[in-house]
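Engineer: attaching a predicted model along with its sequence, questions to come.
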Amino acid sequence: MSKNAKHFSIVGILIPIVTAIVYYTISTFFFELPEAASAEASIIDDLFNGHYILIAFLFAIVVVPLVYSISVFRQEEGDETDAPHIHENTTLEIAWTVLPIFLVIGFGIWGVTNYNAVIASEPDEITIYVQGYKWDWTFYYPDHDYKSDQALVLQEDVPVLLEMQSSDVIHAFWVPGFRVKQDVYPYDTENQALNFASGPDYDPEPYHFKPQVMRFTPVKEGVYRVRCAEICGTSHYSMLANVFVLSPSNYQAWLAGDYLLPPDPNLVNSQPGEGYYLDALNDFTIENGFTPPPPPELAPVEDEG
Amino acid sequence: MKYFLTSALVRGLVGQIVTTWLSYSLIRSFRMTVEGWTVPEVGLDEPAVVLACIIGLFGFLLSCGVVTDWLKMMAGHKPHLKHGAQGRPGWTRYVNIDVNHKVIGIQYGLNSIFILLIGGLLAILFRLELAMPGLQFLQSGDQYNTLFSAHGIIMIAAIFAGVGAMTNYLGPVLIGASDMAFPRLNAFSYWVGVPSAVILLAGIFLGGWDTGWVGYPTHSTTTKMIGVQMFLLGFYLNGFSSIASGLNMVVTAVYMRAKGMSYFRMPIFVWAAVAASILQATTTQTVGVALTMVVAQRTLGMNFFTPILDPELLAAGVPAGDPILFQHIFWFYSHPAVYVWILPGLGIISELLPVFTRKPLFGYKWIALSSVGIALVGMLVWAHHMLTSSMPPTWKIPFMLSTLLVAVPTGVKFFSWLATIWEGKMRFPTPMLFVLGSISVFLLGGLSGPILGTIGTDMHLHDTYFVVGHFHATVFGGFVFPFFAAIYYWFPKMTGKMYDELLGKIHFWIMVPGFWVMSLLQMRVGVLGMRRRIADYGPDLGIQVEQALITVATLAIGWSVLIMIYNLVSSVRKTELAPENPWESRSPEFLAPSPLPEFNYLAPIEVVGEPYDYGLEGATYAVVPTPAGD
């Protein structure tokens, strides 16, 4: 028994060490998330962090005994006898059935509260209509009766409500920096009253039509990318659109037509890291004169469809 | 050669091709004569393709002869089951209709490895494309989409064949039966899978398809790539194989166990196989419905999935469709399908661990019941594939909770395996290496599960490469590696020869580390923003190094599988015989001659003890009659 106590204490010491190493590795490097750029991203990242701790712990309690057994309890040369006849221990079995149930309930409750926080509506949301189609996105600003084919432009720290629909097949709206993702479903495509593009004729009420909704609050000025996350055919891979999160003054200038968005191709070839153009953004007002970013060093790779 | 050309396999394939071609020509000509029907001048006529593929299936079944006995019975005859090679060389049994479960098991196995190679080749093609940003050698997104879609469904067909190989070969042997309960149905289950695989493969060349293996409407109902029809049909027809073999296994395990083998004395693999078979026999129908609806919408113009909201149209009787309906009925099957693959695989792990640790399986009853638990919970989690869909939040939450619950029975398995290994006197031949490799890889799959189950984190990870890494780890750890372990372990029992140990170890030491690299990096690029199913990615994600490494790992995995095939083929040709019980197993099949006789045991065996009492002096599991004079 004392021999077994030695084995258990070695494993018992190793488990927290391995847990710490694995947690450190995955949270700071291996599974490091893109920079959180929305209020929702911070909420979701808390849950990510909880999961990373859980992963590290569960990894350690399986791998440490496994590797320890392989290295210590292996068959010794010439020993053809069988191992001790230990075939069950009901207390142990009940313990490792019941304890995980508590863990599951804990994560379940956390998951629910976290999700509720993510989808909660804010008081002064700006509504933007999003139309996905093969293989591009269009954005409408109903409050300003303005249509933006080029990019989704948002104001820093102002919550938005996206009402989304698709013109053909299922697409999915995802900006990695914002974390949130929502599938976008086709509406009754024959019916112009349900199409955002119909402008004032858009009237979903009589049809009980509900576009898909998604809420988030961008919190970091910068340039991001909408990436369609549902397979939608030939050019699914390049169904991208730029997202500009502008400071309040730039945003107002953009609405007034005094602010020019950076041209697309340069962004397609932007350097690693989605916030790269952050510093350059303030140079794009018309008053300052249009200064395009430096020519890209990499060859164009992503065809916009 | 003569024997091969007249075999059921060749007859069936010729029959399928001829009937498909003839019926296609006839239907197309007929359609051209009907006014108001548009038939394309060049290219394939879609409705004709669909009907011709279905007729071609009957062409295969009739000309290969797997339904001949049933037709005779309908005519009032009483045909006898034919056993043995019917005067032909022994190998011809594997290309002809044979009712012996071991022959069928090996047929499934060969089929599985063959299809696995095709699916792997497709994966290597698109991995080469993805090694660098930019389109390298593929000409369009359509080509890429066909490759990955075909890879998915072909691998699934290969896995089902592999599950068929394990349950058919091992099921009756382990419970001490002479064959499956319904030998003819068993042969049918195998042979109906062959023309289905042909239809799937043909779909790649006749148009291709770009829907992925999930085939979500309204993309699958509107895509112009008509290979999608062959994908849907091939998928659908394979379902017959699943349902029939599932039923067969359950009936066999219930009614044909050896004397003295109570349910809790069955080998643990049989528990897993029965749990998987129940899932297979009860859920496959729903995906059949989903696929039929898509075929009907495309071919017959019935509307199930395209939303119609106009009250006037609705009042006029135009049906209102809903794309999310498909997702529900599709995943109601396709999630449990994963458990159909991994339960037998986990059963193999539990079956082999006691032999190589020389210790009893810890908590036998708990492991047995955890298989049933996984099967039951697995039927209640399907909508976790739809956590970013338009399903209302109040529906998403229950599915999040049920999904997390899967961790409990899976945890029981892991902990029981660890307790079995603890203090075991472990030996490390190739099968044991693969068992340990399976545990490590399945752990990667298991640990990456809960983070996909909670909605918040899934919003970020859904449809990214994190999911790709997760399910490859689950399927490799839960099915592929255990399948290889089983092949190496029972190879001497199947062939009477021993495989080459060194080559087996080389296979292991390339494949398992290669897989870790591939799977972990897939998860990493997914977290960073790489979406699934994309033909190309920009350098802006900063994942070029990872992508190149994933491709290298994929190539290593591909080569290692070729090493295994070389090993098995060259070992079968050896003249040296393997020992009857190379692993000192207590299982009854290792107490019988190798290869096993036609009816497995010379006389009925009797179970007198517990299956895994290693280390208990004088304990016996089964009394197996030996040949006279032994």
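Structural biologist: Thanks, I have it.
Engineer: how many residues are close by residue A:147?
Structural biologist: Residue A:147 has 15 neighbouring residues, counting by other C-beta atoms under 10 Å in any protein chain shown. Glycine gets a C-beta too; all of them are placed from N, C-alpha and C.
Engineer: for it, phi and psi?
Structural biologist: phi -120, psi 130 (degrees, to the nearest 10).
Engineer: that one contacts residue A:138, doesn't it?
Structural biologist: Yes - Residue A:147 lies in contact with residue A:138 (C-beta atoms under 8 Å); the separation is 6.7 Å.
Engineer: what sits up against stretch B:613-627?
Structural biologist: Stretch B:613-627 has contacts (C-beta atoms under 8 Å, 6 or more residues apart in numbering or on different chains) with A:81-85, A:87, B:176, B:258, B:354-355, B:357-360, B:586-588, B:591-593, B:601-612.
Engineer: let me know how buried residue 238 is, in neighbour terms.
Structural biologist: Since no chain was named, I'll use chain A. Residues near residue A:238, counting by other C-beta under 10 Å, number 22.
Engineer: meant chain B, my bad for not saying
Structural biologist: 24.
Engineer: about what we covered before: got any residues that touch both of residue A:147 and residue A:138?
Structural biologist: Common neighbours of residue A:147 and residue A:138 (C-beta under 8 Å, 6+ apart) are residue A:197.
Engineer: which residues of the stretch 451-600 of chain B lie near chain A?
Structural biologist: B:451, B:453-457, B:459-460, B:462-464, B:520, B:523-524, B:527-529, B:531-542 (C-beta under 8 Å from any C-beta of the partner chain).
Engineer: among those, which are in strands?
Structural biologist: In strands, defined here by DSSP state E, there are no members of those.
Engineer: just the ones of the residues you listed in helices?
Structural biologist: B:451, B:453, B:455-457, B:459-460, B:520, B:523-524, B:527-528 (DSSP state H).
Engineer: could you list the buried residues of the helix of greatest length in chain A?
Structural biologist: Scanning chain A for the helix with the most residues, using DSSP H, yields helix A:39-72. By neighbour count with 16 or more other C-beta atoms under 10 Å in any protein chain shown, helix A:39-72 contains the buried residues A:39-41, A:43-45, A:47-48, A:50-66, A:68-69.
Engineer: what of stretch B:139-153?
Structural biologist: Those would be B:141-153, for stretch B:139-153 by 16+ other C-beta under 10 Å.
Engineer: could you dump these to a markdown table with distance to residue B:331 and pLDDT?
Structural biologist: Rendered in a markdown table, the data for these read as follows (distance: C-beta to C-beta, whole Å; pLDDT from 0 to 100):
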| residue | distance to residue B:331 | pLDDT |
| --- | --- | --- |
| B:141 | 26 | 87 |
| B:142 | 26 | 90 |
| B:143 | 28 | 92 |
| B:144 | 25 | 93 |
| B:145 | 21 | 93 |
| B:146 | 23 | 94 |
| B:147 | 24 | 94 |
| B:148 | 19 | 94 |
| B:149 | 17 | 94 |
| B:150 | 21 | 94 |
| B:151 | 20 | 95 |
| B:152 | 15 | 94 |
| B:153 | 15 | 93 |
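Engineer: tell me the one of these nearest chain A?
Structural biologist: Comparing the buried residues of stretch B:139-153 against chain A with C-beta to the nearest C-beta places residue B:141 closest, at 4.3 Å.
Engineer: check contacts around that closest one.
Structural biologist: Counting by C-beta under 8 Å, 6+ apart, residue B:141 has contacts A:233-238, B:210, B:535.
Engineer: let's see that with 7 Å instead.
Structural biologist: A:234-237, B:535 (C-beta atoms under 7 Å, 6 or more residues apart in numbering or on different chains).
Engineer: again, but for residue B:4
Structural biologist: B:10, B:95 are the contacts of residue B:4 under C-beta under 7 Å, 6+ apart.
Engineer: ok, it to chain A distance?
Structural biologist: Relative to chain A, residue B:4 is positioned 41 Å away (C-beta to the nearest C-beta, to the nearest Å).
Engineer: swap in residue B:68?
Structural biologist: 43 Å.
Engineer: likewise for residue B:75?
Structural biologist: 49 Å.
Engineer: closest point of the stretch 301-450 of chain B to chain A, which residue?
Structural biologist: Counting by C-beta to the nearest C-beta, the stretch 301-450 of chain B gets nearest chain A through residue B:360, at 3.7 Å.
Engineer: assess the claim that that residue and residue B:611 are in contact.
Structural biologist: No - using C-beta atoms under 7 Å, residue B:360 is not in contact with residue B:611; the gap is 8.8 Å.
Engineer: now do the same for stretch A:142-157: mean pLDDT, whole number.
Structural biologist: Model confidence over stretch A:142-157, given as mean pLDDT, is 85.
Engineer: equivalent analysis for stretch B:528-539, please.
Structural biologist: Taken as a whole, stretch B:528-539 has a mean pLDDT of 89.
Engineer: please apply the same query to stretch B:263-282.
Structural biologist: On average, stretch B:263-282 scores 94.
Engineer: now swap in stretch A:93-104 and tell me
Structural biologist: pLDDT averaged over stretch A:93-104 gives 93.
Engineer: so how far is it off the chain centroid?
Structural biologist: Relative to its parent chain, stretch A:93-104 has a centroid offset of 31 Å by C-alpha atoms, centre = their mean, to the nearest Å.
Engineer: which residues are contacting it?
Structural biologist: By C-beta under 7 Å, 6+ apart, the list of residues contacting stretch A:93-104 reads B:363, B:366, B:404-405, B:407-408, B:411-412, B:415.
Engineer: and the end-to-end length of stretch B:262-269?
Structural biologist: Start-to-end span of stretch B:262-269 (C-alpha to C-alpha, to the nearest Å) is 14 Å.
Engineer: buried set for it?
Structural biologist: So for stretch B:262-269, counting by 16+ other C-beta under 10 Å, buried means B:265-269.
Engineer: ok, and which of these reach chain A?
Structural biologist: Among the buried residues of stretch B:262-269, no residue sits close to chain A (C-beta under 7 Å from any C-beta of the partner chain).
Engineer: could you dump those to TSV with secondary structure and distance to residue B:309?
Structural biologist: Compiled in TSV, the buried residues of stretch B:262-269 are given as follows (DSSP: H, G, I helix; E, B strand; the rest coil; distance: C-beta to C-beta, whole Å):
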residue	secondary structure	distance to residue B:309
B:265	helix	60
B:266	coil	54
B:267	coil	56
B:268	helix	53
B:269	helix	52
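Engineer: for the stretch 1-150 of chain B, what spans make up the helices?
Structural biologist: Here the stretch 1-150 of chain B has its helices, by DSSP state H, counting those that start in this stretch, at B:2-5, B:8-33, B:46-64, B:68-74, B:101-130, B:141-175.
Engineer: fine, thanks again, bye for now.
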